[in-house]
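Student: return atomic coordinates for the entry below.
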Amino acid sequence: MRRNEFLRLLAMAGAGTITPAFAQPANPAIEGESEINPHFINSGPGFGNRLALTFDDGPTPGITERVLTELSKRNLRATFFLIGAKVDAAPHLARRLVDEGHDVANHSYTHPRLAGMSDSSVEQQLARTQESITRATGVTPVWFRPPYGAFRREQGPIASKMGLGVAYWSVDPKDWSQPGSSAITQRVLSASQPGSIILLHDLHPQTADAVPAIFDGLLERAFTITPFHSFVGQPYV
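Tutor: Model prediction:
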């Protein structure tokens, strides 16, 4: 399937193009920086009652393992958007993600606001993370999520020339603000619908506390929890 056809099918299936919520409270949005290129996605196909669980900012020793344990108990698969520097610090944990059947993706090397950086600096962030993840796991990511959701329209070709699609999200419980595990759970379950891409962070203890109830709640609602490779496929096939 050609790229344009892939994107057209996503759009027909409900993959809209909206301005994403920001994944961190600091650094307010700068006008124009969160415009989404139509090639980017923030949700998946709405048929089949499927959705995707995604986790940002790992791997985090002591937290990622807790998330993995709960996924394993339920035989679920998720997608982890990894920070390259943290992969280099804990390559065994990145490798475990792949060994247990989860998707791994690019979340930059040091989690900067890419929208305010030069093209060469952005490219370095993405390329270095690609190298770190490939070295640790043997898998080369095909999806990228910009930190804070901050990525300018004209920066799209930087990602695409590396074969990276740009994935935002449609459900954000703002677990980074640590509102309590019950609030995180309620926000995810109340907002999720077929085609949702759920944003969580394997960074905070409260998120690890919340995931058992999140996973069970989604399953009780008969959602099929699907990793990216079988939910939205590859961006440039």
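Student: who are the contact partners of residue 114?
Tutor: Going by Cβ atoms under 8 Å, 6 or more residues apart in numbering, residue 114 touches 108, 122, 125, 146-147, 150-151, 155. The C-beta positions use only the backbone N, C-alpha and C, and glycine is treated the same way.
Student: and with 10 Å instead?
Tutor: 33, 108, 121-122, 125-126, 144, 146-148, 150-152, 155, 158-159 (Cβ atoms under 10 Å, 6 or more residues apart in numbering).
Student: likewise residue 98?
Tutor: Shown here is residue 98, whose contacts under the criterion Cβ under 10 Å, 6+ apart are 80, 104, 133, 136-139.
Student: now compare the residues you listed and name the two farthest from each other.
Tutor: Comparing all pairs in these by Cβ to Cβ, the longest separation belongs to 80 and 138, at 14.9 Å.
Student: narrow the contacts of residue 114 to those in strands?
Tutor: With DSSP state E as the criterion, strands contain residue 144 from among the contacts of residue 114.
Student: among the contacts of residue 114, which one has the lowest pLDDT?
Tutor: Per-residue confidence across the contacts of residue 114 is lowest for residue 33, with 44 (pLDDT).
Student: next, the buried residues of stretch 110-130.
Tutor: Taking 16 or more other Cβ atoms under 10 Å as the basis for neighbour counts, the residues of stretch 110-130 that come out buried are 111-115, 117, 122-123, 125-126, 128-130.
Student: my bad, should have said stretch 73-86
Tutor: Using 16+ other Cβ under 10 Å as the burial criterion, the residues of stretch 73-86 that qualify are 76-84, 86.
Student: coming back round to it: list buried residues within the contacts of residue 114.
Tutor: By 16+ other Cβ under 10 Å, these give 33, 108, 122, 125-126, 144, 146-148, 150-152, 155, 158-159 as buried.
Student: show me where the protein has helices.
Tutor: Listed in chain order, the helices of the chain (DSSP state H) span residues 3-12, 64-73, 84-89, 91-99, 119-137, 156-160, 181-191, 205-220, 228-231.
Student: other SSEs contacting the longest one?
Tutor: In this structure, helix 119-137 packs against strand 79-82, helix 84-89, helix 91-99, strand 103-106, strand 143-144, helix 156-160, with contacts taken as 3 or more Cβ pairs under 10 Å, 6 or more residues apart in numbering; DSSP states H and E.
Student: that older thread, ok, so of the contacts of residue 98, who is nearest residue 171?
Tutor: Each of the contacts of residue 98 was checked against residue 171 using Cβ to Cβ; the closest is residue 80, at 16.5 Å.
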